[in-house]
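*Asks:* Quick one: sequence plus predicted model below, questions after.
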Amino acid sequence: MNDKSALKQLIESDEFSNRLNLDRKTYGLVFDKRTLNAIYEVIKKYDIDYIDFPISSGKESLIFNIKLRDKSTRALKIYKMSTLKFSNTMEYIKGDYRFDREKINRSNVVYVWAQKEYTNLEDIRNSGVHAPKPYGFYKNILLMSYLGTSRGPAPQIKDLQTGFNEIYLKLRKAIWTMYNRANIVHADLSEYNILYYRKDPYIIDVGQSVSTKHPMAEEFLKRDIKNISTFFLKKGIECDAAELYNYVKGGIDA
């Protein structure tokens, strides 16, 4: 009697491997053979019942809503092995003292990226900033809390119609806290990387986020503040980039 799961049978299928040649070329697919193996291990390790529906899709990753056997809901982020560029990621890894001991090459950089996002989420949440809760990572997969309801994921703030003044004030405090307590700069903060969940802005997509000791931290912070200021100004909110920068750098929470 064959008791292998359908996923395991798919991974080991000669027809599957030969037709798509997934070990060598992925053509932008997220489900290359290495990823399928990683998904299989994650399903076993975290007692996942099934992968439900896709939450978001980007050039470098896919995020799925998943259900555990205890009926709880999580989010599963899968970094694409074929599209996460080594040259692009090294700008954010090299110079971050937290990963100085990692031996990074083109074959494992995606795994380090998943570990980096897990670490950043832990540090950000521990500082008091709203962000997804990380539960674990394995290879190029990150398991974290799901932000949303049974009807769908929490919206990005770019898709909201009202409430921007309150969101800005909360986000302003979050950026200050990330910098002064978590010692982290997001490095890609914009209206696309902030969700509105339970009346609070939640910071997401922190794989590229760096320590404040990173040599490019200052430039990344200025870029983040410019992006945020530009967005809220368009929404009619009084937001001065220079004032926000001085507030964050001042170290005193006003």
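*Replies:* Structure's in. What do you need?
*Asks:* other SSEs contacting the longest strand anywhere in the chain?
*Replies:* The longest strand of the chain (DSSP state E) is strand 48-57. If you count contacts as 3 or more Cβ pairs under 8 Å, 6 or more residues apart in numbering; DSSP states H and E, strand 48-57 packs onto strand 61-68, strand 73-79. Every C-beta, even on glycine, is put in place using the N, C-alpha and C of the backbone.
*Asks:* show me where the protein has strands.
*Replies:* 48-57, 61-68, 73-79, 134-138, 141-145, 148-149, 152-153, 184-185, 194-197, 200-203, 210-211.
*Asks:* if we can go back for a sec, hey, which of the helices and strands packed on strand 48-57 is tucked in deepest?
*Replies:* strand 73-79 (a mean of 22; mean count of other Cβ atoms under 10 Å).
*Asks:* Contacts for that one, please.
*Replies:* 30, 35, 39, 42, 46, 48, 51, 55, 60-68, 110, 113-114, 117, 132, 135, 140-147, 207 (Cβ atoms under 8 Å, 6 or more residues apart in numbering).
*Asks:* In contact with the residue most central in space within the chain, which residues?
*Replies:* Centroid-nearest residue in the chain, with Cα atoms, centre = their mean: residue 205, separated by 2.9 Å. Applying Cβ under 8 Å, 6+ apart, we find residue 205 in contact with 117, 188, 192-193.
*Asks:* buried subset of those residues?
*Replies:* Among the contacts of residue 205, the ones that count as buried by 16 or more other Cβ atoms under 10 Å are 117, 188, 192-193.
*Asks:* Show me the two of the residues you listed that sit farthest apart.
*Replies:* 117 and 192 (15.9 Å; Cβ to Cβ).
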